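S.K.: Below is the structure, and that's it, no one-letter string:
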């Protein structure tokens, strides 16, 4: 039986030792220097965050309960220092679902300790947050939080109606896994390991170059308002090890997406396929509209470059699919505060 007492991580004397140890394992020299500086500049033992906490408790977090309230959010909680905010239309059960998914992605072995301390430290330092609304058509005003210079940069939108049990209805994936991992990869891994996972519109990171191969060639911009691929059929897609077939197996075609967004989506599809999120017939159907290697075995066979990056223990990516049931701590309605 696992201990269900919330983990408390002190930012200061204890946190410095914790993150300093973690930073020494990084293989990215730029990331190591940045993370070490972040950790060691704190000399106070007064700042703390827990596996579950209250919005605004961390004085270094830019998002306060008052700011959240002024931007139409009415309730929330924190998970390892990361805010999860919701509008009034979001059911508490959906908010807690998102909290569980966040915890499982950050502490995938569910032992009460985050798996990659450098990444979580970066996410907390940027005041990243999951912002939940009922549906896309909800009428709410986030202009105050945007004016504060935060939401557009570090906020992540998640619809409550798309936060569901994965493919339980035969067609819908759990979007909370996708959107929350987008936040983790974009504002965590991308910054901590820029030469490996750096996401930008001109990125030459290892991951971006692997994605170029998966897309059938490097294209940084759209052609006549659209992304153009040499293949959109998984039955004819190529693979890394097949030099005679360079046909794409990743063909995301959202005209609003830039090259950096392509990398964010590529990271999600790769990781979620690796831990089995799309193994079902419904998963295959959904994935094949833009992504071919929908299972762990297919990913290893078709795109071993990204598979091996995600499998490298240095980076401590999740290996088990989240199921919205965090084993170390049971998130409760009482954990949610109202603004």
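M.R.: Arrived safely, thanks for sending. Only a predicted model underlies this, so the values are computations on that prediction, with no experimental measurement involved. Numbers count the residues shown, from 1 in each chain.

S.K.: Backbone torsions only: list them for residue 284.
M.R.: Main-chain torsions, residue 284, degrees, to the nearest 10: phi -60, psi -40.

S.K.: That one: what's it in contact with?
M.R.: 278, 294 (C-beta atoms under 8 Å, 6 or more residues apart in numbering). Heads up, the C-betas are built off the backbone N, CA and C, glycines and all.

S.K.: how far away is it from residue 202?
M.R.: 34 Å (C-beta to C-beta, to the nearest Å).

S.K.: now swap in residue 88 and tell me
M.R.: Residue 88 sits 41 Å away from residue 202, going by C-beta to C-beta.

S.K.: Pick out whichever of the two has more residues nearby.
M.R.: residue 88 (13 against 9; other C-beta atoms under 10 Å).

S.K.: Doesn't the more buried one belong to a strand?
M.R.: No - if the criterion is DSSP: H, G, I helix; E, B strand; the rest coil, then residue 88 is coil and not within a strand.

S.K.: Isn't it up against residue 74?
M.R.: Yes - counting by C-beta atoms under 8 Å, residue 88 touches residue 74, with 4.5 Å between them.

S.K.: what's the neighbour count on the nearest residue to residue 158 once chain neighbours are set aside?
M.R.: In this structure, residue 158 finds its nearest non-sequential neighbour in residue 179, 4.6 Å apart by C-beta to C-beta, 6 or more residues apart in numbering. Counted with other C-beta under 10 Å, residues neighbouring residue 179 total 21.

S.K.: Residue 179 sits in which helix or strand?
M.R.: Secondary structure from DSSP states H and E places residue 179 in helix 175-184.

S.K.: Check which helices and strands that helix sits against.
M.R.: If contacts are counted by 3 or more C-beta pairs under 8 Å, 6 or more residues apart in numbering; DSSP states H and E, helix 175-184 sits against helix 92-106, helix 117-125, strand 129-133, strand 155-159, helix 259-274.

S.K.: try 6 Å
M.R.: Applying 3 or more C-beta pairs under 6 Å, 6 or more residues apart in numbering; DSSP states H and E, one finds that helix 175-184 makes contact with helix 92-106, strand 155-159, helix 259-274.

S.K.: re earlier: need the pLDDT of the residue nearest to residue 158.
M.R.: Per-residue confidence (pLDDT) for residue 179: 96.

S.K.: sorry, back to before: what does the helix holding residue 179 contact?
M.R.: 98, 101-102, 105, 128, 130, 156, 158, 162-163, 264, 268, 322 (C-beta atoms under 6 Å, 6 or more residues apart in numbering).

S.K.: Which strands or helices does the next helix or strand after that helix pack on?
M.R.: Where DSSP H and E defines the elements, the next helix or strand beyond helix 175-184 is helix 190-192. Contacts defined by 3+ C-beta pairs under 6 Å, 6+ apart place helix 190-192 against helix 117-125.

S.K.: Pick out the shakiest of the helices and strands packed on helix 175-184, pLDDT-wise.
M.R.: Lowest mean pLDDT of those: strand 155-159, a mean of 85.

S.K.: Quick check: neighbours of that one in the sheet, parallel or antiparallel?
M.R.: strand 129-133 (parallel) (DSSP bridges).

S.K.: Would you tell me what the next helix or strand after the partner strand is?
M.R.: Strand 129-133 is succeeded, C-terminally, by helix 143-147 (DSSP H and E).

S.K.: got the buried residues for that following helix?
M.R.: Across helix 143-147, burial judged by 16 or more other C-beta atoms under 10 Å covers 144-145.

S.K.: give me the number of residues near residue 281?
M.R.: By other C-beta under 10 Å, 10 other residues sit near residue 281.

S.K.: swap that for residue 172, sorry
M.R.: 15.

S.K.: Specify the local secondary structure of residue 213.
M.R.: From three-state DSSP, the assignment for residue 213 is helix.
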